[in-house]
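Colleague: Let me see the structure of the following:
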Amino acid sequence: MSLVPHLSITPDVAAALAAGGPVVALESTIITHGMPYPQNLEMAKNVEKVIRDNGARPATIAIMDGRFHVGVTEADLERLARTGGKAAKASRRDVAALLASGQTAGTTVATTMMAAHAAGIALFATGGIGGVHRGAETTFDISADLDELGKTPVAVVCAGAKLILDIPKTLEVLESKGVPVLGFGTDAFPAFWARESGGAVDHRVDSPEAAAKIIALQFALGLGGVLVANPIPEAAALDRTEIEGRIDVAIRDAEATGVGRKELTPYLLKRIFELTAGKSLAANIALVENNAAVAARIAVALAEQTH
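Modeller: Below is the predicted model of the structure:
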């Protein structure tokens, strides 16, 4: 049985897909678990507007009322934003239980990719992917996002991986999974709030058309997902050394309080927001909007090349 019978696609998104038009998927854990209310609601509305302004149709994805919703109404966005951390956080292992129970859940990169692919959406914009957590050699804490990228043909535009992760190990796992990492206008793999992580991308692309050409061929060859690494705008970037110091404090706090597994990333993001006096949130919003714009332009180029 496929995921398709469990999708509710809004009429505008369905019409765009039927016409072969550009559509960009958006995750919802950034709304439920990534930011406080009302900033999360303002961000979600702005990101959808950015995608429209760049010629594509936004499709925010969430689990609500026993269905995957591909595209949501303004009322749904408000509901997700107000529910916040009380909502479940849905990774692949949680999907069946959450659909069966009818709970409201924000979708992670992995589950957003699943629903996007089932709906026929090729592009997905997010903040940063999950990856290999620091200390994973003892905890085995590795995000399901990496497995999903290895097998699901969706192109994910992100600002790299969060600095809270072990980025060298994350890049190694992406290589093992056969996931090409494209740097959009960069040779360096970005680190969410910082423009460089110390790691390198696999291939550089300098236009939406160049990215779309590789993505189309990757999917035609049946080779799984593509990661498009798009650095945070320079004006919004945080100093890497300074943010790493704050992250070290946040990780020690998490260890002291026993936070782990899927609660770890939301805890760290909240703690880093506190430790940076809100600077991390402003940077987060800027990078998500930038990723949405790039994803929309790539989606437009992909639609032109394939239809």
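
Colleague: and residue 100, how many neighbours does it have?
Modeller: 9 (other C-beta atoms under 10 Å). From N, CA and C alone the C-beta is placed, and that goes for glycine too.

Colleague: Would you check that it makes contact with residue 66?
Modeller: Yes - using C-beta atoms under 8 Å, residue 100 is in contact with residue 66, at 7.4 Å.

Colleague: If you drop the residues flanking it in sequence, what lies closest to residue 27?
Modeller: Distances taken as C-beta to C-beta, 6 or more residues apart in numbering place residue 112 nearest to residue 27, at 4.1 Å, with adjacent residues excluded.

Colleague: And the one you found, which helix or strand is it part of?
Modeller: helix 109-119 (DSSP states H and E).

Colleague: Mind checking the pLDDT average for that helix?
Modeller: In this model, helix 109-119 has an average pLDDT of 98.

Colleague: Contacts for it, please.
Modeller: 2-4, 7, 9, 13, 17, 25-28, 59, 61, 63, 68, 70, 90-92, 94-95, 107, 122, 124, 126, 129-130, 143-145, 147-149, 152-154, 156, 158, 225 (C-beta atoms under 8 Å, 6 or more residues apart in numbering).

Colleague: among those residues, which ones are buried?
Modeller: Buried members of the contacts of helix 109-119, scored by 16 or more other C-beta atoms under 10 Å, are 7, 9, 13, 17, 25-28, 59, 61, 63, 68, 70, 90-91, 94-95, 107, 122, 124, 126, 129-130, 143-145, 148-149, 152-154, 156, 158, 225.

Colleague: Take those residues and keep only those in helices.
Modeller: 13, 17, 95, 144-145, 148-149 (DSSP state H).

Colleague: Export those to JSON lines and append columns for distance to residue 135 and pLDDT.
Modeller: Shown next, in JSON lines, are these (distance: C-beta to C-beta, whole Å; pLDDT from 0 to 100):
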{"residue": "13", "distance to residue 135": "40", "pLDDT": "98"}
{"residue": "17", "distance to residue 135": "42", "pLDDT": "98"}
{"residue": "95", "distance to residue 135": "27", "pLDDT": "96"}
{"residue": "144", "distance to residue 135": "18", "pLDDT": "94"}
{"residue": "145", "distance to residue 135": "18", "pLDDT": "96"}
{"residue": "148", "distance to residue 135": "22", "pLDDT": "97"}
{"residue": "149", "distance to residue 135": "22", "pLDDT": "98"}
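
Colleague: Check which helices and strands the helix or strand hosting residue 280 sits against.
Modeller: Counting by DSSP H and E, the element that carries residue 280 is helix 279-306. Here helix 279-306 touches strand 23-26, helix 39-53, strand 123-125, strand 155-158, helix 208-220, strand 226-229, helix 264-275, going by 3 or more C-beta pairs under 8 Å, 6 or more residues apart in numbering; DSSP states H and E.

Colleague: and of those, who's closest to residue 85?
Modeller: helix 264-275 (6.7 Å; C-beta to C-beta).

Colleague: Now do that closest one against helix 39-53: the angle between them, please.
Modeller: If you take axes from the mean of the first three to the mean of the last three C-alpha atoms, to 10 degrees, helix 264-275 sits at 100 degrees to helix 39-53.

Colleague: May I ask which helix or strand of the chain has the lowest mean pLDDT?
Modeller: helix 264-275 (a mean of 84; mean pLDDT, DSSP states H and E).

Colleague: As PDB, could you dump the C-alpha coordinates of that helix?
Modeller: Below are the C-alpha coordinates for helix 264-275, written out as PDB (Å, rounded to 0.1, in the frame of the first residue of the first chain):
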ATOM      1  CA  LEU A 264      17.500  17.000  21.500                       C
ATOM      2  CA  THR A 265      17.400  19.200  18.500                       C
ATOM      3  CA  PRO A 266      14.400  21.300  19.600                       C
ATOM      4  CA  TYR A 267      16.000  21.700  23.100                       C
ATOM      5  CA  LEU A 268      19.300  22.800  21.600                       C
ATOM      6  CA  LEU A 269      17.700  25.300  19.200                       C
ATOM      7  CA  LYS A 270      15.700  26.900  22.100                       C
ATOM      8  CA  ARG A 271      18.800  27.000  24.400                       C
ATOM      9  CA  ILE A 272      20.900  28.600  21.600                       C
ATOM     10  CA  PHE A 273      18.200  31.200  21.100                       C
ATOM     11  CA  GLU A 274      18.500  32.100  24.800                       C
ATOM     12  CA  LEU A 275      22.300  32.100  24.700                       C
END
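
Colleague: going forward can the numbers begin at 122, since that is how I track them
Modeller: Right, with 122 as the first residue, what we last looked at is helix 385-396.
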